[in-house]
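A.B. asks: show me the folded form of this:
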Amino acid sequence: MSELEDDEVSRVFDVPTEIELSAEQRARVVAGRYEIVEQIGAGAMGQVFRVQHLRLGKAFALKLMRAEHSLDKQAEQLFHREAQLASQLSHPAIVAMVDFGNDPDWGWFIVMEYLEGEPLSKHIERLRQLPIAAACEVAAQLADALVHSHGKRVIHADLKSENVLCLVAGDDEGANPWQVKLLDFGTAHLEETVSGSTDRISGTPEYMAPERITGGEPQASSDIYALGIILYEMLCGTPPFVGGEPRQILERHLVETRESVGARRGEVLDERLDAIIDTALQKDPAVRYPTAQAMLDDLREYLEVLGVRQRAGMLPSLMTRTDARADASAAAFDAMGVPAAGLRRDGTIVIANRAFARLLRVEDLATLEGHDIMQTMLAELVPDLYDDLRVVALNGKVIRRDLMLPRPEKFLRARYILAPATGACGHCMLVVHSLQ
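C.D. replies: I've put the predicted structure just below:
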């Protein structure tokens with residue numbers, strides 16, 4: 001596929017205009033129609049500005065190739081290639097390119113949709129560790145974007161958290177608070193045009209697949225590895241290999257075993273999530289996910305296990321006590337003769353009956369709902385309660401344990417049953433009954 005020629009430029013908004021530009025306006029207007037408002041970013045190849053289309057009054061992001069590269073034929077070809085490859089892509093999680101051209105005064109430019117948000121890297125830096133469901137939701141969107149780009153034989157080749165933009169959630173109640181867009185195809189490759197190894201490695205060391213480090217050509221598998229790194233980073237706060245010289249980081253990708261996500265987070269992870277991360281981060285591309293679609297399928301299935309619908313974003317909000325009790329038929333629930341409660345997997349009590357309140361020696365049932373069960377006497381009686389909650393919620397298992405309930409002058413032998421639950425009752429249903 002040949003590079004873009006001047007007459008192949010999209011020129012989406014390149015139409016005659018009656019607008020007369022003053023000398024002052026011409027000093028800040030690109031291609032006679034994009035007025036520069038402010039600089040919003042910069043990279044090795046160019047600067048990015050927020051611009052306003054003079055006739056439409058609409059904001060766009062305009063990437064302008066740096067003046068020092070204007071006489072560099074290779075730099076110009078890279079800039080052309082970014083426009084060429086990005087123009088082939090149309091996906092909700094990929095920034096849309098709308099125009100491309102060459103201004104005699106400003107040089108080569110690419111115009112993209114203007115997006116408000118924050119790089120994922122900054123988001124991670126601020127939050128340290130993302131909620132598991134949020135991290136998997138973001139990874140699923142990026143995997144879906146890769147399914148699209150790989151289907152067009154476009155390899156991103158520099159996938160990293162810095163090149164992912166977390167959009168500002170809209171006022172719409174159904175807006176996804178974790179919607180993201182994949183940016184910067186400046187180092188992208190068209191799969192069919194790449195052949196042979198390269199003496200020069202391009203990319204970011206922390207996200208680079210082992211086969212790229214050893215000189216292999218960019219392939220879909222290397223994008224999948226980078227996505228696995230991003231998922232790890234969202235869950236742990238940093239990529240698995242950081243610090244030191246770039247050469248040292250690259251060497252660690254080749255020979256070092258990464259620390260597990262569970263160890264880094266300090267919690268027990270579901271085996272399905274561990275399997276997704278392990279498969280994406282296999283050092284041998286032959287045993288990695290064969291396609292982005294395969295990884296996407298596993299992520300979507302896992303999000304279903306978490307009770308989070310595709311594109312829903314974050315963990316479900318804790319139901320209000322009124323809604324939860326109504327949905328669970330509170331009257332019948334309260335009438336049960338045995339202590340019972342609906343719990344979230346983090347231990348939050350969503351709903352409980354009066355027998356459960358008596359078990360925990362709580363007089364006011366209303367104060368119990370929304371409370372952390374790990375702060376009650378039951379956590380002392382069942383040391384493995386927290387791990388049990390996660391196993392039941394994530395793996396769908398039923399757990400039964402015998403315990404001794406303290407009573408005046410004696411102990412009561414009892415059994416607690418923890419089973420999966422759905423809907424307004426939370427993730428788990430806990431029932432305690434006497435064995436005497």
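A.B. asks: now do the buried residues in the longest strand seen in the chain.
C.D. replies: Under DSSP state E, the strand in the chain containing the largest number of residues is strand 410-420. Residues Ala414, Tyr416, Ile417, Leu418, Pro420 are the ones in strand 410-420 that count as buried (16 or more other CB atoms under 10 Å). From N, CA and C alone the C-beta is placed, and that goes for glycine too.
A.B. asks: Glu38: neighbouring residues, count only.
C.D. replies: 7 (other CB atoms under 10 Å).
A.B. asks: need the contact list for the residue found closest to it once you drop the neighbours it is linked to in the chain.
C.D. replies: Nearest residue to Glu38, sequence neighbours excluded (CB to CB, 6 or more residues apart in numbering): Arg50, at 5.2 Å. Arg50 sits next to Ile36, Val37, Glu38, Gln39, Ile40, Ala59, Phe60, Ala61, Leu62, Tyr114 when contact means CB atoms under 8 Å, 6 or more residues apart in numbering.
A.B. asks: how does it look with 6 Å?
C.D. replies: Residues in contact with Arg50 (CB atoms under 6 Å, 6 or more residues apart in numbering) are Val37, Glu38, Ile40, Ala59.
A.B. asks: and Val362, by the same measure?
C.D. replies: Leu368.
A.B. asks: and it, that's in a strand?
C.D. replies: No - under DSSP: H, G, I helix; E, B strand; the rest coil, Val362 falls outside any strand and is assigned coil.
A.B. asks: so what pLDDT did it get?
C.D. replies: pLDDT for Val362: 84.
A.B. asks: what do you get for the one 10 residues further on?
C.D. replies: Reading off the per-residue confidence, Asp372 sits at a pLDDT of 88.
A.B. asks: what's the neighbour count on it?
C.D. replies: Per other CB under 10 Å, the neighbour tally for Asp372 reads 13.
A.B. asks: find the nearest non-adjacent residue to it, please.
C.D. replies: Per CB to CB, 6+ apart, closest to Asp372 is Gly347, 5.1 Å.
A.B. asks: pretty sure the one you found is touching Gln375, no?
C.D. replies: No - using CB atoms under 6 Å, Gly347 makes no contact with Gln375, being 8.3 Å away.
A.B. asks: between these two, point out the one with more neighbours.
C.D. replies: Taking neighbours as other CB under 10 Å, Gly347 and Gln375 compare with Gly347 leading, 19 against 9.
A.B. asks: for the more buried one, give its distance to Leu269.
C.D. replies: The gap separating Gly347 from Leu269 is 16 Å, by CB to CB, to the nearest Å.
A.B. asks: break the chain into its domains for me.
C.D. replies: Domain ranges of the chain: 6-113, 117-305, 321-434, per automatic domain parsing.
A.B. asks: let me know which of the ones you listed is tucked in deepest.
C.D. replies: domain 117-305 (a mean of 18; mean count of other CB atoms under 10 Å).
A.B. asks: can you give the distance from that one to the centre of its chain?
C.D. replies: Taking CA atoms, centre = their mean, to the nearest Å, one finds the center of domain 117-305 at 9 Å from the center of the full chain.
A.B. asks: figure out the length between the terminal residues of that domain.
C.D. replies: This stretch, domain 117-305, spans 29 Å end to end (CA to CA, to the nearest Å).
A.B. asks: now do Leu359 against Gly426, distance only.
C.D. replies: Leu359 is 18 Å from Gly426, by CB to CB.
A.B. asks: which helix runs longest in the chain?
C.D. replies: With secondary structure taken from DSSP state H, the chain has its longest helix at helix 132-151.
A.B. asks: how about the CA coordinates for that helix, as PDB?
C.D. replies: Extracted C-alpha coordinates of helix 132-151, given in PDB (Å, rounded to 0.1, in the frame of the first residue of the first chain):
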ATOM      1  CA  ILE A 132     -10.900  -5.300  39.500                       C
ATOM      2  CA  ALA A 133     -14.100  -4.800  37.500                       C
ATOM      3  CA  ALA A 134     -13.000  -1.400  36.200                       C
ATOM      4  CA  ALA A 135      -9.600  -2.700  35.100                       C
ATOM      5  CA  CYS A 136     -11.200  -5.600  33.300                       C
ATOM      6  CA  GLU A 137     -13.800  -3.300  31.700                       C
ATOM      7  CA  VAL A 138     -11.000  -1.000  30.300                       C
ATOM      8  CA  ALA A 139      -9.000  -4.000  29.100                       C
ATOM      9  CA  ALA A 140     -12.100  -5.400  27.300                       C
ATOM     10  CA  GLN A 141     -12.600  -2.100  25.500                       C
ATOM     11  CA  LEU A 142      -8.900  -2.000  24.400                       C
ATOM     12  CA  ALA A 143      -9.100  -5.700  23.400                       C
ATOM     13  CA  ASP A 144     -12.200  -4.900  21.300                       C
ATOM     14  CA  ALA A 145     -10.300  -2.000  19.700                       C
ATOM     15  CA  LEU A 146      -7.400  -4.400  18.900                       C
ATOM     16  CA  VAL A 147      -9.900  -6.800  17.300                       C
ATOM     17  CA  HIS A 148     -10.900  -4.000  15.000                       C
ATOM     18  CA  SER A 149      -7.400  -2.700  14.200                       C
ATOM     19  CA  HIS A 150      -5.900  -6.200  13.700                       C
ATOM     20  CA  GLY A 151      -8.900  -7.000  11.500                       C
END
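A.B. asks: now do the contacts for Lys63.
C.D. replies: Per CB under 6 Å, 6+ apart, neighbours of Lys63: Gly46, Val48, Ile110.
A.B. asks: check Met295 too.
C.D. replies: Counting by CB under 6 Å, 6+ apart, Met295 has contacts Ala143, Ala280, Tyr289.
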